[in-house]
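**Q** Predicted model and sequence below, questions to follow.
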Amino acid sequence: MDKKPVFVIHKHFAKNLHYDLRLEKDGVLKSWAVPKEPVNDSSVKRLAIQVADHTLEYGGFSGEIPEGQYGAGKVEIWDTGSYSPVKFEKDEVVFDLSGKRLKGKFCLIKLKRSNPAGKNWLFFKISKKTIDKP
Ligand SMILES: [Mn+2]
């Protein structure tokens with residue numbers, strides 16, 4: 001049986017506080033910076049800016065990124081656990097999170113028109129109601 005991929009959300013006290021959502025995929029951590037705290041509430045959609053892939057090892061990192069280095073500031077693990085991918089495409093990712101804070105089915109959708117660089121996504125929970133509706 002395959003081991004479930006991991007996810008981690010780093011709370012990053014950089015110049016602007018944000019939350020780095022990272023999903024293990026093909027040996028790296030696909031990463032998005034979320035400017036506001038993620039929530040378990042399906043009525044709240046968060047902007048998520050795709051950033052560079054990180055190594056799997058970085059998923060366990062917490063500590064201080066020194067002054068003068070990219071992303072300088074404190075990094076905490078805000079949530080971590082495994083996830084089950086439902087769909088992992090280049091413009092849409094659906095995944096079931098088993099974290100301490102975030103649980104359930106979440107979605108990342110790339111915003112096509114708003115940003116030519118294609119880095120802007122929306123991150124939100126998919127409500128049970130929506131899924132269960134006949
Ligand atoms: Mn960051």
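**A** Done, it's in.
**Q** Tell me the buried residues in the host helix or strand of Phe106?
**A** According to DSSP states H and E, Phe106 maps onto strand 103-110. Buried residues in strand 103-110, counting neighbours by 16 or more other C-beta atoms under 10 Å, are found at 104-110. Using the backbone N, CA and C atoms, a C-beta is placed for each residue, glycine as well.
**Q** Likewise for stretch 51-59?
**A** Buried, per 16+ other C-beta under 10 Å, within stretch 51-59: 51, 54, 58-59.
**Q** Also within reach of the ion: list those from the residues you listed.
**A** The subset of the buried residues of stretch 51-59 lying close to the ion, counting by C-beta under 5 Å from the ion, is empty.
**Q** Show me the two of those residues that sit farthest apart.
**A** Within those, two members stand farthest from each other by C-beta to C-beta: Val51 and Gly59, at 14.2 Å.
**Q** Show me where the chain has its strands.
**A** Along the chain, counting by DSSP state E, strands occupy 6-13, 17-25, 28-34, 45-55, 63-65, 73-88, 92-98, 103-110, 120-125.
**Q** and these as CSV, adding mean pLDDT?
**A** Output for those, formatted as CSV (pLDDT from 0 to 100):
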stretch, mean pLDDT
strand 6-13, 98
strand 17-25, 98
strand 28-34, 98
strand 45-55, 96
strand 63-65, 95
strand 73-88, 97
strand 92-98, 96
strand 103-110, 96
strand 120-125, 95
